[in-house]
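Novice: everything below, folded, please.
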Amino acid sequence: MGTEISEPLILDKESIDDGAGIESELVPEWKDQITIRGLVVSALLGTLFCIITHKLNLTVGIIPSLNVGAGLLGFFFVKSWTGFLTKLGFQVSPFTKQENTVIQTCVVACYGLAFSGGFGSYIIAMDERTYKLIGADYPGNRAEDIKNPGLGWMTGFLFVVSFLGLFSLTPLRKVMVLDYKLTYPSGTATAMLINSFHTHSGAELAGFYFDFSPTYVGCGLICPHIVNCSVLLGAIISWGFLWPFISAHAGDWYPSGLESNNFKGLYGYKVFIAIALILGDGLYNLIKIIYISAKEMCNKSTKQSKLPIVNEVIDNESSKVLAEQRKRDDIFLKDRIPTWFAASGYVALAAISTATIPIIFPPLKWYLVLVSYIIAPALAFCNSYGTGLTDWSLSSTYGKIGLFIIASLVGSDGGVMAGLAACGVMMSIVSTAADLMQDFKTGYLTLSSAKSMFVSQLLGTAMGCVIAPLTFWMFWTAFEVGSPDGPYKAPYAVIFREMAILGIEGFSELPKHCLALCFGFFIGAVLVNLLRDVTPKEISQFIPIPMAMAVPFYIGAYFAVDMFVGTVILFIWERINQKEAEDYAGAVASGLICGDGIWTIPSAILSILRVNPPICMYFGPSLRS
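Specialist: Residues are numbered from 1 along each chain as shown. This is a model prediction of the structure:
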């Protein structure tokens, strides 16, 4: 194989300095990017966003990305405060986009725990109300497997499990952001929004394209064509052929008449086949990274001595682009987080957690916790990789993997409680790891230090460990959370408890042929990835990505169409005017994502206050006499 040079290795110094505005931009030291006022604003916004997340979690169970809203409101609060102090005659330090990014990172880390903390899923699944809803006579549903929410143990549990995800993937930040160039659409859109607030021309551009439009059309504009096409292909295979085919065998492969979220029916196929695809793709790429990294380390000295030197004549426009990219790369890699620090931090936290969790949940023995922490980094990589491709964090799916495996290992004597607790461990790790990588992408695009991103994520997580349980406690004490007759039904609580009960019996309780199909899709994902790597680039660029295909298998087909619409718009735009598409597609996409994301905040607040929309529209068949 020959060496491929995708960009000049040596640039003329003068060409970099001329016209590369980003080169002259002053970037504060990483410590200066974290400020007291920023942390205060982060705590306030974190509280607001935790309340919003709890409300959504306990009603519909689906949480949209609020990264964009965090960046916007962070800018609004600090800018208003500094403007107010300036008018009073006080001198204030300038509000930079790096500080804005730190605030956004803190807020996302804080409210993320309101979701991954399981306040609408595995924690409620442990309580007495959910136990009674399923029924005392339901096989495997024991009265001994009950633990009602408590402010003390919930806060302690979050503190011992929530920080591990931050240390698990930190050494791979360069691989995910620079080498794989994963888009992380919400992180990219947030970065473009923050950049626009801190530059005059950018503000005009973002304002012009700002609109309350569908998020996933914007994702389709940002994500590569192959990702969008893979998502659509996955939707067609699953919802167009596979699920109708399996549904036709209801009564034979599984009992007919089951509820849509019963794991012994079609829902079991959806969850476990999606998991098989995700694991096949994720584990293949993880092994590939480990192999390439080991090979690079072995050949490092040889590569350095044989590195070709290429002089290339480039135009002024290209020099600007390359200078901007080099500036971002340098800042992103400047403040390194040592691998030894991340590894030792993970080991130390895992040791503390392994000793502590069995005290909170006695059925979850220490060796089972240890096994969870051994496999968790691999699953965290899979989730972060998938989030970078499609913007969907499937942390609850990975939590279900831990739930099912641990419940089956423990068995009927405490398996339900052990499985639900293991679900919490796994969800916390994979969710925080994906959030951190998303924020690394935002930081990369806003010239923020990776070290300030990491520290702000730590601070935001610490805030969330306190704020998330406190805000949930407001709902728990004020309403009958989990009651089917109340406003906060917690629909996923019953699903998680039933899955834990199902896990006690092991894989034998899955519907017919489910395991065989899972094995086939797992092998298929590995083979497709292998094919992508061994075929020439002109062929491999048309081979779908299994990870992207897997998301609609579980989530649904609706967003696949939106993303494909986005990719069609971009494709036509590129054919009409390639340069304009390159310059403005990102801004248009960010406007679409930002508009939809920001509207989530007032919409959720209005729904918490029980304010109904003034107009409702319903589409159905016309009634004729």
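
Novice: surely G156 is in contact with I359?
Specialist: No: the pair G156 and I359 does not pass the contact test of CB atoms under 8 Å, sitting 9.0 Å apart. Backbone N, C-alpha and C define where each C-beta goes, glycine included.

Novice: the two: which has the busier surroundings?
Specialist: Between G156 and I359, counted using other CB atoms under 10 Å, G156 has the larger neighbour count: 17 against 11.

Novice: pLDDT score for that one?
Specialist: Here, the pLDDT recorded for G156 equals 95.

Novice: just give the nearest non-adjacent residue to E509, would you?
Specialist: Closest residue in space to E509, ignoring its immediate chain neighbours: L502 at 5.3 Å, by CB to CB, 6 or more residues apart in numbering.

Novice: that neighbour and S431: what is the separation?
Specialist: 23 Å (CB to CB, to the nearest Å).

Novice: number of residues surrounding the residue lying closest to T354 once chain neighbours are set aside?
Specialist: In this structure, T354 finds its nearest non-sequential neighbour in V369, 4.6 Å apart by CB to CB, 6+ apart. Using other CB under 10 Å, V369 has 25 other residues around it.

Novice: what comes up buried for the one helix or strand V369 maps to?
Specialist: Counting by DSSP states H and E, the element that carries V369 is helix 366-390. Neighbour-count burial for helix 366-390 flags 368-369, 371-373, 376-377, 379-390 (criterion: 16 or more other CB atoms under 10 Å).

Novice: quick check: mean pLDDT of that helix?
Specialist: pLDDT averaged over helix 366-390 gives 88.

Novice: show me the helices in the stretch 101-250 of the chain, by range?
Specialist: Per DSSP state H, counting those that start in this stretch, the stretch 101-250 of the chain carries helices over the ranges 122-125, 128-134, 151-161, 164-168, 173-174, 185-197, 200-209, 215-222, 225-235, 243-247.

Novice: and the ones you listed, which one averages the lowest pLDDT?
Specialist: helix 200-209 (a mean of 45).

Novice: now do the contacts for L44.
Specialist: F77 (CB atoms under 8 Å, 6 or more residues apart in numbering).

Novice: quick check: which element contains it?
Specialist: Counting by DSSP H and E, L44 is part of helix 36-59.

Novice: average pLDDT across that helix?
Specialist: Mean predicted confidence for helix 36-59 is 88.

Novice: run through who's touching the helix or strand just after that helix.
Specialist: Of the helices and strands lying after helix 36-59 in sequence (DSSP H and E), the nearest is helix 67-87. By CB under 8 Å, 6+ apart, the list of residues contacting helix 67-87 from outside reads 37-38, 41-42, 44-45, 49, 92, 95, 99-101, 103-104, 107-108, 111, 186-187, 189-190, 193-194, 197, 438, 442, 593-594, 597-598, 600-601.

Novice: hey, C-alpha coordinates of helix 67-87 in PDB?
Specialist: What follows is helix 67-87, C-alpha atoms only, in PDB (Å, rounded to 0.1, in the frame of the first residue of the first chain):
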ATOM      1  CA  ASN A  67     -26.900  21.200  24.000                       C
ATOM      2  CA  VAL A  68     -28.000  24.100  21.700                       C
ATOM      3  CA  GLY A  69     -30.300  25.600  24.300                       C
ATOM      4  CA  ALA A  70     -27.500  25.400  26.900                       C
ATOM      5  CA  GLY A  71     -25.100  27.300  24.700                       C
ATOM      6  CA  LEU A  72     -27.700  30.000  23.800                       C
ATOM      7  CA  LEU A  73     -29.000  30.600  27.400                       C
ATOM      8  CA  GLY A  74     -25.400  30.600  28.700                       C
ATOM      9  CA  PHE A  75     -24.600  33.400  26.300                       C
ATOM     10  CA  PHE A  76     -27.700  35.300  27.200                       C
ATOM     11  CA  PHE A  77     -27.200  35.200  31.000                       C
ATOM     12  CA  VAL A  78     -23.500  36.000  31.000                       C
ATOM     13  CA  LYS A  79     -23.800  38.700  28.300                       C
ATOM     14  CA  SER A  80     -26.700  40.300  30.200                       C
ATOM     15  CA  TRP A  81     -24.800  40.200  33.500                       C
ATOM     16  CA  THR A  82     -21.600  41.700  32.100                       C
ATOM     17  CA  GLY A  83     -23.600  44.400  30.200                       C
ATOM     18  CA  PHE A  84     -25.400  45.300  33.400                       C
ATOM     19  CA  LEU A  85     -22.200  45.600  35.400                       C
ATOM     20  CA  THR A  86     -20.500  47.600  32.600                       C
ATOM     21  CA  LYS A  87     -23.300  50.100  32.700                       C
END
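
Novice: end-to-end on stretch 478-488?
Specialist: 11 Å (CA to CA, to the nearest Å).

Novice: the contacts of helix 67-87, buried ones only, as a ChimeraX selection?
Specialist: Entered in ChimeraX, the line below selects the buried ones among those, by 16+ other CB under 10 Å:
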select :37,38,41,42,45,49,95,99,100,101,103,104,107,108,111,186,187,189,190,193,194,197,438,442,593,594,597,598,600,601
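
Novice: who has more neighbours out of L502 and S431?
Specialist: Ranked by neighbour count (other CB under 10 Å), L502 and S431 place S431 first, with 27 against 23.

Novice: ok, the nearest residue to F159 once chain neighbours are set aside - contacts?
Specialist: Among residues not flanking F159 along the chain, C465 sits closest, at 4.9 Å (CB to CB, 6+ apart). In this structure, C465 makes contact with 113, 155, 158-159, 162, judged by CB under 8 Å, 6+ apart.
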